[in-house]
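1. With the input below, show me the fold.
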Amino acid sequence: MSKKKQSEEELLQTLGDFTSKENWDKFFTIRGADDSFEWYAEWPQLRDPLLSILSSTAPPPLQILVPGCGNSRLSEHLYDAGFHGITNVDFSKVVISDMLRRNVRSRPDMRWRVMDITSMLFPDGTFDAVLDKGGLDALMEPELGPKLGNMYLTEVKRVLKSGGKFIGLTLAESHVLGLLFSKFRFRWKMSIHVISQKLSKKPSLLTFMVVAEKESSTVLHQITTSFSRSSLDLNGNQACGLYEAIDKENEIRREYSNGSDVIYSLEDLQLGAKGDLYELSQGRRFQLTLGELFQTRAHEWLFSSEEGQWMVVESSKAARLIMVLLDASHVNASMDDIQKDLSPLVKRLAPANNVNGSQIPFMIAGDGIKQRKIVHQVTSTLTGPITVEDVVYENVDGNVSKLIQSKDLLFRRLTFQRAEGLVQSEALLTREESPKKTVSDMERKKGISSSKSRKKGNHKRIDSHAIHEEDYLSTFCDPNRISKDLVVPAWSSGSDNNLKVYHNYLASSYHMGIVSGFMLVSSYLEIVASTGRMVKAVVIGLGAGLLPMCLHGCMPFLDIEVVELDPVILNLARGYFGFSEDKHLKVHIADGIRFVREAAAAADGVSRKHENNDAHCDAECPSSNGSCTASRAENDVISKFDILVIDVDSSDSSSGMTCPAADFVEESFLLTAKDSLSDQGLFVVNLVSRSRTIKDMVVSRMKSVFSHLFSLQLEEDVNEVLFALRTEDCVKEERFAEAAVKLENLLSRHTNDLPGKSKPPDMSQIIRDSTEKIKCLK
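-> Below is the predicted model:
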């Protein structure tokens, strides 16, 4: 017996690769026709469970397929038990010839075919049962991967009739079960049974029988077992892998059944996991995987959340929208190539009512950029990869072309890789001389977001011309069409050195919105400015420093402190956006929440110390609507914030709120912010979210904390600036126009004294337009 066992082991070593036809031919040639080899269990252990399952499969005569039959006697035993409709296939011509000679007379109805089980020639729905005895295990050698096993099971599912059964004998290794469970998930009912072992002094691995029954119902079944865990005397590793695989799969099936947001395979969908793909079903949504993708924007809320995806569907005006997230390998691919790759898939997902054969339109989320030049790239330990770039947009507003001979204005942008769809900051570039044109002029529609406002880009048809980054540097504008001061790219001539950021104009509409909101405290600002005293303003989030620099230039009565967490950002603002500090514009490298908390605590101590003085001041300054005086305790001015602006992005783009970070709109911080404000103080939050639910949540929290709340909606419902007042009294909506005029006067009063070429453009119309959009929420 030992010599026979040793001989078998030596013979098996000739196989090496179980998927090699040549190895199997050699194996069967050496072994001979009459020396059968049984993988796993033998007939005495298999007879009862097999006959029971086959007898309940379909009325006789059953058509049974035995793929990878080898020279096992299993088919012969089944034939002798009354199942004559058996077809045996194997890719080894040697073994099929041997088996045919051995059975041609004694079992004349049994058929033998030389065939590759991963690409069988049988018509669909040919067999009532497929009986696999170790064939799948042989194809699923770990070093070979799942490809052959996947091809084989796809063929098995194809050739089985509805109601037919796949019966697989396996050692139930986890990588085999993982494929089995996923392939037989939808429209299949699966059970697992253990095959009893023959008596032996030496324990061995158990053989399991996996039975998957083909159904027409889309009900998702849990996997059942005919054994209890405690009853099996299993090898520890085999038991652990089996139980873990079953539990994991059943959990997946529960999530599917509960309608969880899961990712399907195309095969699952074609089998009816989400109903009939060829029929339109209103409100249906599903996600499918095309393989392992390193998706660059898949984490963004707009693409990863259900609410965001429905917004894309609505904007597309399509009955069925297929959203494809491309991996990093497609960065330099042309859209024609991408469309060519996707077309076969898209056609398989198209509804059946597209009978007229019309072409399916492809759309891309374009960034609206005509030309781009990377100026600088750096990686921060806090923020990650950061890019400074100069761009020219494809479209500008008609008002600009009336005042400026060229529409190709040049802008410098700051972007973070962690929020690829967002422009953090954006500035207008000029020559060394400042612009001579007025700026109501520069309101433009660029087909792209302003900094830290809406996501970059808009949806465009694929046939629109898209220039890749490497093309931008070879295309330049005609210098004869450009005004002397407002410039377009001169990158080819190497004249970058005479370009600078123009700080007297805010290119971002939400920045202008923030400034416009100052009209809510314009009376207070007017009084303080007239006395020659300073208004304390704090901006949390530096970005490129554009808002603080503009405020500093246009409102010199502001004492501005900026809080920035990342020192790399400060260096970029100084080096590439012309940011500079002085005694009335300072930057603190600190945590914004901690900074405000400490300021609020300090203010609380000062308030108690000067309680009597404050009471006298309050009597002189009852409101901010026009009758306020500026008499306040000196220490109170120092410690309290008159204006607090929150303008920081979130590092978690999947949260649905791009700005600010979630901690800045928690009720605890809002209460702290309120405590840090002076009695006439203004609290400003730049809120960027496409989710109406998230916006409503933030508004609700701010309403509960502040006496008055106002909103300025910008950028197609994505960007919203919220203004909150601590005081009980505030300017009424019917007096907004009057308050806006006061703000305009403040801006013009403090800029008229500047040299002619340094004067900022007239922002009156912009402020007036923004003021009209501010709405009272509380």
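
2. remind me which residues of the stretch 351-500 of the chain are low pLDDT?
-> Applying pLDDT under 70 to the stretch 351-500 of the chain flags residues 352-368, 395-408, 420-421, 431-497.

3. and residue 645, bridged to which residues?
-> With DSSP bridges as the criterion, residue 645 is bridged to residue 539, residue 684.

4. burial of it, as a residue count?
-> Other residues within reach of residue 645, judged by other Cβ atoms under 10 Å, total 26. To be clear about C-beta, it is placed using only N, CA and C from the backbone, and glycine gets the same treatment.

5. Make sure it is actually in contact with residue 514.
-> Yes: Residue 645 sits in contact with residue 514 when judged by Cβ atoms under 8 Å, with a separation of 6.3 Å.

6. Give me the common contacts of these two.
-> 547, 684, 686 (Cβ atoms under 8 Å, 6 or more residues apart in numbering).

7. Residue 252: which of these is nearest?
-> residue 686 (40.5 Å; Cβ to Cβ).

8. With just CA atoms, put the helix or strand hosting that closest one into CSV.
-> Assigned by DSSP states H and E, residue 686 falls within strand 677-689. C-alpha atoms of strand 677-689 as CSV (Å, rounded to 0.1, in the frame of the first residue of the first chain):
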residue,chain,number,x,y,z
LEU,A,677,-17.4,88.4,18.4
SER,A,678,-18.0,92.0,19.5
ASP,A,679,-21.6,93.1,20.1
GLN,A,680,-21.8,94.4,16.5
GLY,A,681,-19.7,91.5,15.2
LEU,A,682,-20.2,89.7,11.8
PHE,A,683,-19.6,86.0,11.4
VAL,A,684,-19.1,84.7,7.8
VAL,A,685,-18.9,81.1,6.6
ASN,A,686,-18.1,80.1,3.0
LEU,A,687,-20.2,77.0,2.5
VAL,A,688,-19.6,74.8,-0.5
SER,A,689,-21.8,71.7,-0.9
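
9. Give the buried subset of the shared contacts of residue 645 and residue 514 as a ChimeraX selection command.
-> Buried residues within the shared contacts of residue 645 and residue 514, by 16 or more other Cβ atoms under 10 Å, are selected in ChimeraX with:
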select :547,684,686
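
10. Make TSV from the shared contacts of residue 645 and residue 514 and add distance to residue 555 to it.
-> Compiled in TSV, the shared contacts of residue 645 and residue 514 are given as follows (distance: Cβ to Cβ, whole Å):
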residue	distance to residue 555
547	11
684	14
686	18
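
11. Using JSON lines, please lay out the shared contacts of residue 645 and residue 514 together with pLDDT and distance to residue 604.
-> Putting the shared contacts of residue 645 and residue 514 into JSON lines (pLDDT from 0 to 100; distance: Cβ to Cβ, whole Å) gives the following:
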{"residue": "547", "pLDDT": "93", "distance to residue 604": "28"}
{"residue": "684", "pLDDT": "95", "distance to residue 604": "22"}
{"residue": "686", "pLDDT": "92", "distance to residue 604": "27"}
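
12. same for whichever strand or helix holds residue 560, what does it pack against?
-> Using DSSP H and E, residue 560 falls within strand 558-564. Counting by 3 or more Cβ pairs under 8 Å, 6 or more residues apart in numbering; DSSP states H and E, the packing neighbours recorded for strand 558-564 are strand 535-540, helix 546-554, strand 585-589.

13. Just send these back as a markdown table, with distance to residue 137 too.
-> Listed next are those as a markdown table, based on distance: least, Cβ to Cβ, whole Å:
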| stretch | distance to residue 137 |
| --- | --- |
| strand 535-540 | 61 |
| helix 546-554 | 64 |
| strand 585-589 | 61 |
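
14. Could you check the angle the helix or strand harbouring residue 425 makes with helix 546-554?
-> Take DSSP H and E as the rule and residue 425 turns out to sit in strand 423-430. Using axes from the mean of the first three to the mean of the last three Cα atoms, to 10 degrees, the direction of strand 423-430 lies 40 degrees away from that of helix 546-554.

15. for the chain, what's the longest helix?
-> With secondary structure taken from DSSP state H, the chain has its longest helix at helix 236-257.

16. And that one, what's buried?
-> Those would be 238, 241-242, 245-246, 249, 252-253, 256, for helix 236-257 by 16+ other Cβ under 10 Å.

17. Report all helices and strands that it contacts.
-> Using 3+ Cβ pairs under 8 Å, 6+ apart: helix 236-257 touches helix 174-183.

18. which is the next helix or strand following the helix it packs on?
-> Using DSSP H and E, the next helix or strand after helix 174-183 towards the C-terminus is strand 188-195.

19. export that next one as PDB, just CAs?
-> The C-alpha trace of strand 188-195 is given here as PDB (Å, rounded to 0.1, in the frame of the first residue of the first chain):
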ATOM      1  CA  TRP A 188     -29.000  31.000  -7.900                       C
ATOM      2  CA  LYS A 189     -29.800  29.100  -4.700                       C
ATOM      3  CA  MET A 190     -26.700  27.600  -3.100                       C
ATOM      4  CA  SER A 191     -26.100  25.000  -0.400                       C
ATOM      5  CA  ILE A 192     -23.000  23.400   1.000                       C
ATOM      6  CA  HIS A 193     -22.700  19.800   2.200                       C
ATOM      7  CA  VAL A 194     -19.800  17.800   3.700                       C
ATOM      8  CA  ILE A 195     -18.800  14.400   2.300                       C
END
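
20. which helices and strands does it pack with?
-> Packing partners of strand 188-195 (3+ Cβ pairs under 8 Å, 6+ apart): helix 43-55, strand 207-214, strand 224-225.

21. Please identify which of the helices and strands packed on strand 558-564 is closest to residue 144.
-> Using Cβ to Cβ, the helices and strands packed on strand 558-564 put strand 585-589 closest to residue 144, at 54.5 Å.

22. What residues sit buried inside that closest one?
-> So, applying 16+ other Cβ under 10 Å, buried residues of strand 585-589: 585, 587-588.

23. How about residues contacting it?
-> 542, 548-549, 552, 560-567, 570, 581, 595.

24. can you give me the angle it makes with strand 558-564?
-> Counting by the same axes, to 10 degrees, strand 585-589 lies at 20 degrees to strand 558-564.

25. continuing past strand 585-589, what's the next helix or strand?
-> Per DSSP H and E, the first helix or strand lying C-terminal to strand 585-589 is helix 592-609.
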